[in-house]
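show me how the following folds:
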Amino acid sequence: MATDPEKAAFKWTASAISTDGSDESLSVGLQISKESENEIKYRTCSWQKTAALLFSEYICLAMVSFPWSFSVLGLVPGVIVTVAVASSCLYTSLILGRFCMKHPEMRDICDIGQYLFGGSRLAYNLTAMMFILNNIFIQGLHVLTGSKYLNTMSNSAECTITFGVITSIICFLVSLPRTLNQMSGLGVFSAATMGIAVLLTMIFAGIQSEPFGFVEGVKPLVTAFPVAGTTYISGMSAFLNITYTLVGQATIPSFIAEMKNPKDFPKALWAIAIAEVITYSLCGAIVYHFVGNQYVTAPAFGSLQPVFKKIAFSFALPTIFFLGALYSSVSARFIFFRIFRDSHHRHSNTLLGWSTWIGIVAATWVGAWIIAEIIPFFSDMLSVMSSLFGMFIFWAMAYLTLYPGKSKWDGPLRSAETLMNYGFIVLGAYITVAGTYTSIESIIQSYQAQEVGGVFTCASNAL
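Numbering: from 1, shown residues only. The predicted model follows:
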């Protein structure tokens, strides 16, 4: 049970939050006050800890695929697309934050999906399915990268499938904490080490004598715009790689639902938005400049000479384990809360509660391992996730519910903003339809070109 000092601290926080008298603040304050009696408390994250979770989500493995995207799009379009998508994601995330603050009773994107579609239970279930699949795909990406790391670092004859199992088990153990507050410290460490990995990749790309796989007489080719013959499928795949890395809003409602004061969320969001534009653009441009079109890989560690590759890749290891665990935790929390809606198992240290939590987490990692074996290539998995689970339509609809009826056309600026959000709906539909087509076609072409050994293969996938 909570101690008296803990109860007092929670009640003081609830009182402080509700001083402005708004319905939203009163609702959050009531939730915190109710939790003061619980063994496991959820609304405990400060904005700094929420920022740490966001940093761990965005300073991630996918950013080392940016040099490959830049090699397809060209240097100039690559930077433009990065800034444009980042700006769009910042804006839509701010809209989503305002929506969540207006509706603090909503704990995840599935609650929002049901609300946006008129309370439809079908909308709730479909959103839940897509939400869980999105998170498991991201976990699968980390299982895939973990097996790549273990194959790259070792000369063992172990089967790649075994390395995937090892990665899944480690990630499963990291996923076990029940609250995001408990995971925020690991998030800081994950983001810091991933930042070092990216910095080292840029430095090593510049100081190495030539990229890995260099062919004598074939100097790295760097272009400002796409090279002649660039196909729609490859260009769309590069765009989706960038989009996936920046479109991480599906977890934002879950993060806000555990904040002590959700009104502080924009502080966390602006901190990560500024950092991601700078780091993504620099990583993409600098590494691409030194390795060129012929030698670039996704992830970019593969473009480095063996010693440099192993050093930089090793600093990404905490992110491989933690970020997948974060998505597993968010998925497990959603399922766990639905199983124990009003039960004391939801917020108490009971045998049934912990057994159920552990079982759900384990199930997500089994699913992730299966996906990693079915789609065993980095860039195409990013493209699939971006096209299937892009959420621009959701955030535009959230805006339209914040300004119902004629209020959305109240003045030139509001009207322009409304038109922009209708544009996001069109963009979201385009990404889903065209992106899914190009992603599947790219996967088919990868198998036809024998760029991968096949599904559930023991063949090494080392960089």
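
now stretch 106-120 - C-alpha only, PDB.
Extracted in PDB, the C-alpha atoms of stretch 106-120 (Å, rounded to 0.1, in the frame of the first residue of the first chain):
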ATOM      1  CA  MET A 106      -8.600   8.700 -22.900                       C
ATOM      2  CA  ARG A 107      -5.600   6.500 -22.200                       C
ATOM      3  CA  ASP A 108      -4.500   5.500 -25.700                       C
ATOM      4  CA  ILE A 109      -5.000   5.900 -29.400                       C
ATOM      5  CA  CYS A 110      -7.800   3.300 -29.400                       C
ATOM      6  CA  ASP A 111     -10.000   5.400 -27.100                       C
ATOM      7  CA  ILE A 112      -9.300   8.300 -29.500                       C
ATOM      8  CA  GLY A 113     -10.200   6.200 -32.600                       C
ATOM      9  CA  GLN A 114     -13.600   5.300 -31.100                       C
ATOM     10  CA  TYR A 115     -14.300   8.900 -30.200                       C
ATOM     11  CA  LEU A 116     -13.400  10.300 -33.600                       C
ATOM     12  CA  PHE A 117     -15.600   7.800 -35.400                       C
ATOM     13  CA  GLY A 118     -18.800   8.600 -33.400                       C
ATOM     14  CA  GLY A 119     -18.300   6.100 -30.600                       C
ATOM     15  CA  SER A 120     -18.200   3.100 -33.000                       C
END
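
just how off-centre is it within its chain?
20 Å (C-alpha atoms, centre = their mean, to the nearest Å).

what lies in contact with that stretch?
With contact meaning C-beta atoms under 8 Å, 6 or more residues apart in numbering, stretch 106-120 is reached by 99-100, 103, 105, 121, 123-124, 126-128, 131, 250-251, 253-254, 257, 330, 333-334, 337, 391, 394, 397-398, 401. Heads up, the C-betas are built off the backbone N, CA and C, glycines and all.

stretch 211-225 now?
If you take C-beta under 8 Å, 6+ apart as the criterion, stretch 211-225 is touched by 74-77, 205, 227, 288-296, 302-306, 309.

tell me the buried residues in that stretch?
If you call a residue buried by 16 or more other C-beta atoms under 10 Å, then stretch 211-225 has these buried ones: 211-212, 214, 220, 222-223.

narrow the contacts of stretch 106-120 to those that are buried.
Buried members of the contacts of stretch 106-120, counted by 16+ other C-beta under 10 Å: 99-100, 103, 123-124, 127-128, 131, 250-251, 253-254, 257, 330, 333-334, 391, 394, 397-398.

so which of those residues are in helices?
Mapping those onto helices (DSSP state H) picks out 99-100, 123-124, 127-128, 131, 253-254, 330, 333-334, 394, 397-398.

farthest pair in those?
Across those, the longest distance by C-beta to C-beta is 23.8 Å; it joins R333 and M397.

for G195, what are its contacts?
G195 touches 59, 279, counting by C-beta under 8 Å, 6+ apart.

for D264, give its distance to T50.
8 Å (C-beta to C-beta, to the nearest Å).

neighbour count for these two, which is higher?
Neighbour count, other C-beta atoms under 10 Å: between D264 and T50, T50 has more, with 29 against 18.

please name the residues that touch that one.
184, 255-256, 258-259, 264-265, 268.

can you list those in JSON lines and add distance to F313 and pLDDT?
Output for the contacts of T50, formatted as JSON lines (distance: C-beta to C-beta, whole Å; pLDDT from 0 to 100):
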{"residue": "S184", "distance to F313": "25", "pLDDT": "83"}
{"residue": "F255", "distance to F313": "28", "pLDDT": "89"}
{"residue": "I256", "distance to F313": "33", "pLDDT": "90"}
{"residue": "E258", "distance to F313": "32", "pLDDT": "86"}
{"residue": "M259", "distance to F313": "34", "pLDDT": "88"}
{"residue": "D264", "distance to F313": "35", "pLDDT": "90"}
{"residue": "F265", "distance to F313": "33", "pLDDT": "91"}
{"residue": "A268", "distance to F313": "29", "pLDDT": "88"}
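
of those, closest to G411?
Closest approach between the contacts of T50 and G411, by C-beta to C-beta: F265, at 26.2 Å.

and the nearest residue to that closest one once chain neighbours are set aside, which helix or strand is it part of?
Distances taken as C-beta to C-beta, 6 or more residues apart in numbering place G97 nearest to F265, at 4.6 Å, with adjacent residues excluded. Assigned by DSSP states H and E, G97 belongs to helix 75-102.

and the angle from the next helix or strand after that helix to helix 75-102?
Under the assignment DSSP H and E, the closest C-terminal helix or strand after helix 75-102 is helix 109-116. For helix 109-116 against helix 75-102, the angle by axes from the mean of the first three to the mean of the last three C-alpha atoms, to 10 degrees is 80 degrees.

in helix 109-116, what counts as buried?
109-116.

got a markdown table for those, with distance to A192 and pLDDT too?
Output for the buried residues of helix 109-116, formatted as a markdown table (distance: C-beta to C-beta, whole Å; pLDDT from 0 to 100):
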| residue | distance to A192 | pLDDT |
| --- | --- | --- |
| I109 | 28 | 87 |
| C110 | 32 | 88 |
| D111 | 33 | 90 |
| I112 | 31 | 90 |
| G113 | 34 | 88 |
| Q114 | 37 | 90 |
| Y115 | 37 | 91 |
| L116 | 36 | 89 |
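
ok, of these, which one's closest to T319?
T319 lies nearest to I109 out of the buried residues of helix 109-116, by C-beta to C-beta, at 22.9 Å.

since that was my last question, I'll sign off now.
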